[in-house]
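Visitor: Any chance you could fold what I've pasted below:
(one chain, ligands or ions: 1)
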Amino acid sequence: MVVAFPRHPCGCASLVVHPFGSNRLPSPAVTQTPGGQTQVGEQAEPARTPSIAAFRHEACLAHDTGTGIFEAGPSPLIEVPEQHPENADLLRNLYAALDRGPLAAQVQWREAPRAGDDELLTVHTAEHIAAVDALASVDEVVCVTGETWASAATPLAARHSAGAALAAADAAAAREAPLALAMTRPPGHHCAPGTIDGYCFYSNAALAAQRLRDLGAARVAVVDWDVHHGNGTEACFWGRGDVLSVSVHMDHGAWGHSHRQTGLVTDRGDGAGYGANLNVPLPFGAGDRAYAAAFGEVVVPALEAFRPEAIVCAQGVDASQFDPNGRMCVSMAGFHQIGSAVGEAARDLGIEALAVTREGGYARTYSALCHLACLLGLLGRPLELDDPLAYLPDDGDAHMPYVAAARAALGLS
Ligand SMILES: [Zn+2]
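Guide: Numbering: from 1, shown residues only. Model prediction:
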């Protein structure tokens, strides 16, 4: 079946043969009430088309990262340890929030497939895949890098997490829903082609972006708003001009041998990829105002200039004001604003469906609500949720020189 990617006025859209059909979105005449009833107008196409295709798998809950002092592992000094920050409870709360919140009537859960070697090889090295698979033989929770822990269940979880991202890309390419979500763990955006890093074993967003390229999108953008630099995605596309890698993150610099990338605003890519990497570091303490400026003044103009035919959102919510792993102050309103900016930019570009991967976000309860806020924004819906913790003051103007530097890197005044 032949499906056309959105045609840009320059006529650059390409035609692709897509194996998964072309279920079109409902026409604007089809709406769903908060109670889930479908209202069909005169020009209705088939009703009950899901607004959100969401991929998950039970194997992702079995990925055991252990307990200790946060991500530092056990200590004899501690009587009651914490869970590792990247744990299965985050997913359980996210699933509950999706099933019980304002998107419940729109979510269609699907089982995430297991990514095969041939699919993983589109981004990763054979040695990397073998190294992840080898973790299946460990008999306890082991430390892989300074902060990344794994168990025997990790390789299968990682393959289903990668498979969810690939399936989300397929669903987005086929316009099966305006949002196609990989709601899985482990996350992926720190993982380079040959390096496990930052709780990540496969580069899920990069795999989705490459899949969209392979399905015919001439240019793909990855927009990453996890509080940490998307160094893995950056590494996957550093020398390529066909994938725009955008990362808005806390100005944390490099960490350790597995994460040498700095996330600096001056890191624009290399060779054919020069200009297709965009880092927007923000100062510690940045909140809703800073992120609104970063997206409105830098990210959206960058997308308009690059004119992607598909977008992958690397949706991290660890910039929240209550995240133990970030030092930022974004509220649910701020995340909704981020989603709104990206969703509106995509629609302006003629992109009908977005693929979304789940990245960080480690406040056990608040993260789920922040994910919902992002998704409502991406859909162009109002926030529709109260923020139970929206009482902290926002940041001041510390972000302004950072945003100015990012605009200068883009060649904007
Ligand atoms: Zn993060």
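
Visitor: CA atoms for contacts and neighbours, from now on please.
Guide: OK.

Visitor: Phi and psi next, for residue 119.
Guide: phi -70, psi -40 (degrees, to the nearest 10).

Visitor: What of the one 4 residues further on?
Guide: With angles defined as degrees, to the nearest 10, residue 123 shows backbone torsions of phi -130, psi -40.

Visitor: what pLDDT does it get?
Guide: In this model, residue 123 is scored at 98, pLDDT.

Visitor: try residue 413
Guide: 79.

Visitor: can you tell me how far it sits from the ion?
Guide: Counting by Cα to the ion, to the nearest Å, the gap from residue 413 to the ion is 30 Å.

Visitor: just residue 100 next, same as before
Guide: 25 Å.

Visitor: neighbours around that residue, how many?
Guide: 11 (other Cα atoms under 10 Å).

Visitor: Likewise for residue 262?
Guide: There are 17 residues near residue 262, going by other Cα under 10 Å.

Visitor: Mind listing the strands the longest strand anywhere in the chain pairs with, and their directions?
Guide: Ranked by residue count and defined by DSSP state E, the top strand of the chain is strand 243-250. The pairing partners recorded for strand 243-250 under DSSP bridges are strand 220-224 (parallel), strand 277-282 (parallel).

Visitor: Restricting to C-alpha, output the first one in PDB.
Guide: The C-alpha atoms that make up strand 220-224 are tabulated as PDB, following Å, rounded to 0.1, in the frame of the first residue of the first chain:
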ATOM      1  CA  VAL A 220      13.200  13.300  10.600                       C
ATOM      2  CA  ALA A 221      13.600  15.400  13.700                       C
ATOM      3  CA  VAL A 222      14.100  14.100  17.200                       C
ATOM      4  CA  VAL A 223      12.900  16.600  19.800                       C
ATOM      5  CA  ASP A 224      14.200  15.700  23.300                       C
END
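
Visitor: Can you say which of the strands paired with strand 243-250 is packed in most?
Guide: A comparison of the strands paired with strand 243-250 by mean neighbour count, using mean count of other Cα atoms under 10 Å, puts strand 277-282 on top with a mean of 27.

Visitor: residues making contact with it?
Guide: 229, 234, 237-238, 244-251, 263-269, 290, 294, 399, 402-403, 406 (Cα atoms under 8 Å, 6 or more residues apart in numbering).

Visitor: again with stretch 185-194
Guide: 60-61, 63, 86, 88, 91, 123-125, 127-128, 157-158, 161, 196-206, 229-236, 259, 314, 357-360.

Visitor: and that stretch, what's its mean pLDDT?
Guide: pLDDT averaged over stretch 185-194 gives 98.

Visitor: what does the stretch 151-300 of the chain put close to the ion?
Guide: Taking Cα under 5 Å from the ion, the part of the stretch 151-300 of the chain that reaches the ion is made up of 226-228.

Visitor: how about CSV for the residues you listed, with secondary structure added?
Guide: Shown next, in CSV, are these (DSSP: H, G, I helix; E, B strand; the rest coil):
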residue, secondary structure
226, coil
227, coil
228, coil
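
Visitor: any idea of the mean pLDDT for stretch 99-106?
Guide: For stretch 99-106, the per-residue pLDDT averages 96.

Visitor: Quick one: name whatever helix or strand follows the longest helix anywhere in the chain.
Guide: Across the chain, the helix with the greatest residue count (assigned by DSSP state H) is helix 154-173. Where DSSP states H and E defines the elements, the next helix or strand beyond helix 154-173 is strand 179-182.

Visitor: Partner strands of that next one and their direction?
Guide: Strand 179-182 has its sheet partners listed here by DSSP bridges as strand 52-56 (parallel), strand 354-358 (parallel).

Visitor: residues in contact with the last one?
Guide: Strand 354-358 is touched from outside by 165, 168-169, 171-172, 178-185, 187, 204-205, 208, 310-316, with contacts defined as Cα under 8 Å, 6+ apart.

Visitor: ok so, going back, with respect to residue 110, which of the residues of the stretch 151-300 of the chain next to the ion is nearest?
Guide: The closest of those to residue 110 turns out to be residue 226 (Cα to Cα; 24.5 Å).

Visitor: Just give the number of residues close to the closest residue to that closest one other than its chain neighbours.
Guide: Distance criterion Cα to Cα, 6 or more residues apart in numbering; nearest residue to residue 226, sequence neighbours excluded, is residue 316 at 3.7 Å. By the criterion of other Cα under 10 Å, residue 316 has 25 neighbours.

Visitor: Just the buried ones from the contacts of strand 354-358?
Guide: 165, 168-169, 171-172, 178-185, 187, 204-205, 208, 310-316 (16 or more other Cα atoms under 10 Å).

Visitor: Number of residues surrounding the residue in the stretch 51-200 of the chain positioned nearest to the ion?
Guide: Going by Cα to the ion, the ion is nearest to residue 198 of the stretch 51-200 of the chain, at 7.9 Å. By other Cα under 10 Å, 26 other residues sit near residue 198.

Visitor: looking at it, it is touching residue 147, isn't it?
Guide: Yes: with contact defined as Cα atoms under 8 Å, residue 198 reaches residue 147; the gap is 6.3 Å.

Visitor: Local confidence estimate at the residue lying closest to residue 364 once chain neighbours are set aside?
Guide: Sequence neighbours aside, residue 90 is the residue nearest to residue 364 in space, at 5.4 Å (criterion: Cα to Cα, 6+ apart). Residue 90 is assigned 98 on the pLDDT scale.

Visitor: which parts of the stretch 301-413 of the chain sit against the ion?
Guide: residue 360.

Visitor: can we see that at 6 Å?
Guide: 318, 360 (Cα under 6 Å from the ion).

Visitor: Would you map the strands across the stretch 301-413 of the chain?
Guide: 310-315, 354-358 (DSSP state E, counting those that start in this stretch).

Visitor: quick check: angle from the first one to strand 243-250?
Guide: Regarding strand 310-315 and strand 243-250, their directions subtend 20 degrees when assessed with axes from the mean of the first three to the mean of the last three Cα atoms, to 10 degrees.

Visitor: Please apply the same query to the last one.
Guide: Interaxial angle of strand 354-358 relative to strand 243-250 (the same axes, to 10 degrees): 40 degrees.
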